[in-house]
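[1] No sequence on hand, only this structure:
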């Protein structure tokens, strides 16, 4: 089964920046990754007037855009999908799924925390929190790793979730 690790935190806290560094570090070690961004407000990756937008507007339930180097699929859904449902579509294609968001799902979480925000952590002990990436030291029951230390976070992920998987290299 593909492991899932979610990076959570308040809006604008630096989740995407941390994910970029973490993905680069894990990729440099040879792991195949899927990044899943959760957007509770809905999103548009297509723009009015583009061919793919026109095909969707004409009534296609699924539109696939394919090129020699990328492929994207835009598909109608009736509800928000769980990470398990997304994982089922990726079997055999990746070693790890790293998500941004999904703080209410039961998967292991790394919370991004910045002292300047003046708020406490979003996750508690029963939220499957495995680490906090912070700009200040915190006394916690899970590792508190410097917010820019993608190497240490990657080490933690490899040790806990990928140790028995061989990197593709």
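    Sure thing, it's come through. No experiment lies behind these values; they were computed from the predicted model shown. Numbers count the residues shown, from 1 in each chain.

[2] pLDDT-wise, which helix or strand of the chain ranks last?
    Within the chain, no helix or strand scores below strand 71-75, which has a mean of 79 by mean pLDDT, DSSP states H and E.

[3] Neighbouring strands - and their directions - for it?
    strand 62-66 (antiparallel) (DSSP bridges).

[4] Only the buried residues of the strand it pairs with, if you could.
    Residues of strand 62-66 classed as buried: residue 63 (neighbour count, 16 or more other CB atoms under 10 Å). No exception for glycine: its C-beta is placed from N, CA and C like everyone else's.

[5] Identify the residues contacting the strand or helix carrying residue 97?
    Assigned by DSSP states H and E, residue 97 belongs to strand 96-100. Strand 96-100 is contacted by residues 2-8, 15-16, 19, 22-23, 26, 31-38, 83, 86-87, 90, 107, 157, 161-162 when judged by CB atoms under 8 Å, 6 or more residues apart in numbering.

[6] which helices and strands sit right next to the next helix or strand after it?
    Using DSSP H and E, the helix or strand that follows strand 96-100 in sequence is strand 109-113. Contacts defined by 3 or more CB pairs under 8 Å, 6 or more residues apart in numbering; DSSP states H and E place strand 109-113 against strand 4-8, helix 15-28, strand 129-134.
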